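[1] predicted model and sequence follow; I will ask about them next.
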Amino acid sequence: MPTVSVLVPIYNVERYLDQCLRSLVDQTYQDFEAILINDGSTDGSRAIIQRYLDADPRFRVIDKPNSGYGASMNQGMDAARGQYLAILESDDYYADCALERLVAEARRTDADVVKADFWLYWSVPQERNERFGLIPEGLGGTTQCPSREDARIFHAKPSIWSALYRLDFLREHGIRFLETPGASYQDTSFSFKVFAHAQRVTYLDACVLHYRQDNEASSVHDQRKAFLVCPEYAECQRVLDEDPALQIRLQGVLELMKFDTYMWNWERLDGELADAFLARVSEEFSADEAAGRIDHALFDPVKDALLLAAMYDQDRFRAFKAGKQGSGKLATLRHYWGLGGPRLVAAVLGIGL
């Protein structure tokens, strides 16, 4: 059996697929299987897949009708035979030593998960890499069970593809993907479940993957999928509701995660869609507040004032987001006064502004 099963979800990526799969062939660590999940591609992706199947017995394919990223990943996980599981998106590519470094750290530290850094990658107008800086300062090495007191990894970019997972750990805890349509946000609940259940996590302060930024077809650019983030957080809440110990440890963390993600999502929307999503924010967080789920102490003063405005005064929320605070300290304080009144101004002054 291979040591690592690498899942490669594929849907109409003929432009980038050869570079992705070639990066697997070029790995310094060779004891892997590559499971290529073809989600009903209609371009030339399947022909590229076949070339690798014909040339290398480590490559396997799952051909399936188009049903979305979550369904593809779950089928790949079910087919995996390795001790460890890795994920390689089909428009990204590995550094040559990626699997070697990840496996070495997993074995050295006996970790459930090894999480590594990555490069942001552009291929046009010329090739360029910028280190992302995923691992927060002071978080390197191996840690026990991420918690409320040090929940930084929950607020980092999920980047499920810059990691290595013990496959028996994923199966023991039933960690799978939501099978929602398309390819949007499914890494959210998967990543949360991983770090909620992990007992040992190793953070590798090295880059293992080139994360493409110039794929115009990437789902991150699609406003039509704005509300698909909501089932992901409902899934995270289900996990906590079913485990009181996890809920005590992580409920407040989840609420802050959700607010940050919903704000990022709202800011990329326009017009009526933005208004509709803000109404959803108000509805969900008002219900969470009524249920006692929100720990306001985890929110900084400005973020907490934004949360309250989003829940109870959307006009004030929009005015703050649309307003220009101007230059100078007085203009800044007026800007914050409009959002949270004297209490927020006092808090802002207390943090040195």
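    Arrived safely.

[2] could you give me the average pLDDT of the longest strand seen in the chain?
    Ordering each strand of the chain by length in residues (DSSP state E) puts strand 200-212 first. Average pLDDT, strand 200-212: 94.

[3] strand partners (parallel or antiparallel) of it?
    Within its sheet, strand 200-212 is paired with strand 93-94 (antiparallel), strand 113-122 (parallel), strand 141-144 (antiparallel), according to DSSP bridges.

[4] please identify the most buried of the ones you listed.
    For the strands paired with strand 200-212, average neighbour numbers computed from mean count of other C-beta atoms under 10 Å are highest in strand 93-94, which has a mean of 24. Any C-beta I mention is one placed from the backbone N, CA and C, and that applies to glycine too.

[5] can you pull out the low-pLDDT segments for the stretch 1-150 of the chain?
    145-150 (pLDDT under 70).

[6] what ranges do the strands span in it?
    Here the stretch 1-150 of the chain has its strands, by DSSP state E, counting those that start in this stretch, at 4-10, 32-39, 59-64, 84-87, 93-94, 113-122, 128-131, 141-144.

[7] so what are the domain limits for the protein?
    The chain breaks down into these domains under automatic domain parsing: 4-221, 224-322.

[8] can I get those domains in JSON lines with distance to residue 337?
    JSON lines is the format used below for the domains of the chain (distance: least, C-beta to C-beta, whole Å):
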{"stretch": "domain 4-221", "distance to residue 337": "28"}
{"stretch": "domain 224-322", "distance to residue 337": "10"}
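
[9] which of those domains sits most buried?
    Taking mean count of other C-beta under 10 Å, domain 4-221 is the most buried of the domains of the chain, at a mean of 18.

[10] tell me how far it lies from the chain's centre.
    Domain 4-221 sits 11 Å away from the centroid of its parent chain (C-alpha atoms, centre = their mean, to the nearest Å).

[11] same question, stretch 252-270
    On C-alpha atoms, centre = their mean, the centre of stretch 252-270 falls 13 Å from that of its chain.

[12] over to stretch 254-272?
    14 Å.

[13] what residues does it touch?
    Identification of contacts with stretch 254-272 by C-beta atoms under 8 Å, 6 or more residues apart in numbering yields 154-155, 188, 192, 223, 226, 229, 233, 236-237, 240, 274, 277-278, 281, 284-285, 288, 293-295, 298-299, 303, 306-307, 321.

[14] point out where the stretch 251-353 of the chain drops to low pLDDT.
    Using pLDDT under 70, the flagged stretches of the stretch 251-353 of the chain are 324-327, 351-353.

[15] sketch out the helices for the stretch 51-200 of the chain, chain order is fine.
    Applying DSSP state H, counting those that start in this stretch to the stretch 51-200 of the chain gives helices spanning 69-79, 98-109, 152-155, 167-172, 186-197.

[16] now do the last one against strand 113-122, angle only.
    Orientation note: helix 186-197 sits at an angle of 150 degrees relative to strand 113-122 (axes from the mean of the first three to the mean of the last three C-alpha atoms, to 10 degrees).

[17] how about the strands in the stretch 151-300 of the chain?
    Counting by DSSP E, counting those that start in this stretch, the strands of the stretch 151-300 of the chain are 163-166, 200-212.

[18] looking at these, which is closest to residue 139?
    strand 200-212 (5.4 Å; C-beta to C-beta).

[19] any idea how far the residue lying closest to residue 253 once chain neighbours are set aside is from residue 229?
    Among residues not flanking residue 253 along the chain, residue 151 sits closest, at 4.5 Å (C-beta to C-beta, 6 or more residues apart in numbering). Distance of residue 151 to residue 229, given as C-beta to C-beta, to the nearest Å: 19 Å.

[20] equivalent analysis for residue 43, please.
    27 Å.

[21] ok, now residue 263?
    For residue 263 relative to residue 229 (C-beta to C-beta), the value is 11 Å.

[22] again, but for residue 25
    Distance of residue 25 to residue 229, computed by C-beta to C-beta: 35 Å.

[23] related to what we said a few turns ago, wait, which of the helices of the stretch 51-200 of the chain is closest to residue 335?
    The nearest among these, by C-beta to C-beta, is helix 152-155 at 24.9 Å.

[24] which residues does the closest one contact?
    With C-beta under 8 Å, 6+ apart, helix 152-155 has contacts from 115, 136, 139, 146, 192, 195, 201, 203, 250, 253-254, 256-257, 260.

[25] make a markdown table out of those residues and add distance to residue 105.
    Shown next, in a markdown table, are these (distance: C-beta to C-beta, whole Å):
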| residue | distance to residue 105 |
| --- | --- |
| 115 | 10 |
| 136 | 18 |
| 139 | 14 |
| 146 | 17 |
| 192 | 22 |
| 195 | 16 |
| 201 | 11 |
| 203 | 9 |
| 250 | 25 |
| 253 | 25 |
| 254 | 28 |
| 256 | 28 |
| 257 | 25 |
| 260 | 28 |
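
[26] good, wrapping up.
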